[in-house]
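> A predicted structure for the sequence below; I have some questions about it.
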Amino acid sequence: MNDAPILECRHLAKTYAEGGNAVQVLRDVDLVMAPGERVAIMGSSGAGKSTLLHILGGLDVPSGGEVWIGGRNMSALDVAARGRLRNSSLGFVYQFHHLLPEFTALENVSMPLLIRGEAPSEARRRAGELLERVGLGARLAHKPGELSGGERQRAAVARALVTDPQCVLADEPTGNLDRENAGKVYELMLELNAKNDSALLVVTHEPALARRMDRVLVLEEGVLREG
C-alpha cells in the first residue's frame, strides 16, 4: 500500500464571532490519513465535528492552519481550484442524502461526473454500474421521493463514490436510518472503502461503526485526541 497521506491537516483552527465574542471551535488540530485507512471521529453534539469535516472537504475555510489533499495545499487554492480538487479527490456522504428531488437516482449519481466534464453516456454508464453495486439496479429511473430512506442513502453513497475519490468524508451518514438500514449502509461503505482503497473519515455517534474503524478519535473542547 502507498502510505503517502491522502488527507492531512496541520495546526487547524476555527474561530467564529458570536455576540461580540470570539468562540474557538477548533484549536491546533492535526490529522494524517493514508490510502485505505478508516478513521472515526466522535464527540458530543456541538463539539465541532461537522465544522472540522467541512473544512477538511474545502466547504469552509480555517481561521488558521492548512489542509492538504493528495499532496496539494487546499488552503492555498482559490475557490474555483478548490472546487475542482474537491470534485476530483473527495466524496461526501451526509446525514441527509441531499439528492436533488427532480432528478432520478441515475441522474443524481451521474451529476458529479457531468460537472467534471465526462460525456453523458459515460457518466450514465458508470453511475448505473455503481447503483447496481449498491443494490439499486432496478431503481435507476426512480426519483428520491419514490425511494425508501435506506435506498436514498445508498444512492447518496453511490454519488459520493462515482468519481473514485481518494477520500470519502461522511457526516453521521446513518443518523436518519433505522438500525437495519443503518447496518446495510455501514457495510456498503466499508466494502467500497476496501475495494477502492479510498480513505474513509466518518463522523459518527454510533460505537458499533466506530469499532469497525482503524482508529477512533474524539473531538473535545476543540482538540482532536485518540479515543
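That came in fine, so what should we check first?

> for the rest of this, base every contact and every neighbour count on C-alpha atoms.
Noted.

> could I get the phi/psi values of His54?
Main-chain dihedrals, His54, degrees, to the nearest 10: phi -60, psi -40.

> now it. Nearest residue, chain neighbours left out?
Nearest residue to His54, sequence neighbours excluded (C-alpha to C-alpha, 6 or more residues apart in numbering): Asp60, at 5.5 Å.

> look up how far Asn87 lies from that neighbour.
Here Asp60 is placed at a distance of 15 Å from Asn87 (C-alpha to C-alpha, to the nearest Å).

> which one of the two is surrounded by more residues?
Taking other C-alpha atoms under 10 Å, Asp60 and Asn87 do not tie; Asn87 has more neighbours (20 against 13).

> which elements pack onto whichever helix or strand the more buried one is part of?
Taking DSSP states H and E as the criterion, Asn87 maps to helix 79-89. In terms of contacts (3 or more C-alpha pairs under 8 Å, 6 or more residues apart in numbering; DSSP states H and E), helix 79-89 is packed against helix 105-116.

> distance from the chain centre to the helix it packs on, please.
Using C-alpha atoms, centre = their mean, to the nearest Å, the distance from the centre of helix 105-116 to the centre of the chain it belongs to is 16 Å.

> pull out the buried positions in that helix.
Buried residues in helix 105-116, counted by 16 or more other C-alpha atoms under 10 Å: Ala105, Leu106, Glu107, Asn108, Val109, Ser110, Met111, Pro112, Leu113, Leu114.

> what about the second one, distance to Gly145?
In this case it means Leu106. 14 Å.

> how about low-confidence regions in the protein?
Applying pLDDT under 70 to the chain flags the ranges 1-3, 227.

> pick out the residue closest to the middle of it.
Centroid-nearest residue in the chain, with C-alpha atoms, centre = their mean: Leu169, separated by 2.0 Å.

> now the strands: where do they sit in the protein?
All strands of the chain, identified by DSSP state E, fall at 7-18, 21-33, 38-42, 64-69, 72-73, 90-94, 167-171, 199-203, 215-220, 223-226.

> and the buried residues of helix 105-116 as TSV, adding distance to Met42?
Formatted as TSV, these follow (distance: C-alpha to C-alpha, whole Å):
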residue	distance to Met42
Ala105	31
Leu106	33
Glu107	33
Asn108	30
Val109	28
Ser110	32
Met111	31
Pro112	29
Leu113	31
Leu114	34
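
> closest one to Leu53 out of these, please.
Pro112 (19.4 Å; C-alpha to C-alpha).

> the closest one touches Asn87, doesn't it?
Yes - here Pro112 lies in contact with Asn87, judged by C-alpha atoms under 8 Å, at a distance of 7.0 Å.

> list residues touching both of these two?
Residues touching both Pro112 and Asn87 by C-alpha atoms under 8 Å, 6 or more residues apart in numbering: Thr163.

> phi, psi of His97?
phi -60, psi -30.

> show me what contacts it?
Counted by C-alpha under 8 Å, 6+ apart, His97 has contacts Arg152, Gln153, Ala156.

> could you check how far the second one is from Asp178?
From Gln153 over to Asp178 the distance is 12 Å, taken as C-alpha to C-alpha.

> compare these two (neighbour count), which wins?
More crowded of Gln153 and Asp178, by other C-alpha under 10 Å: Gln153, with 27 against 11.

> contacting residues for that one?
Going by C-alpha under 8 Å, 6+ apart, Gln153 touches Phe96, His97, Pro173, Thr174, Val185.
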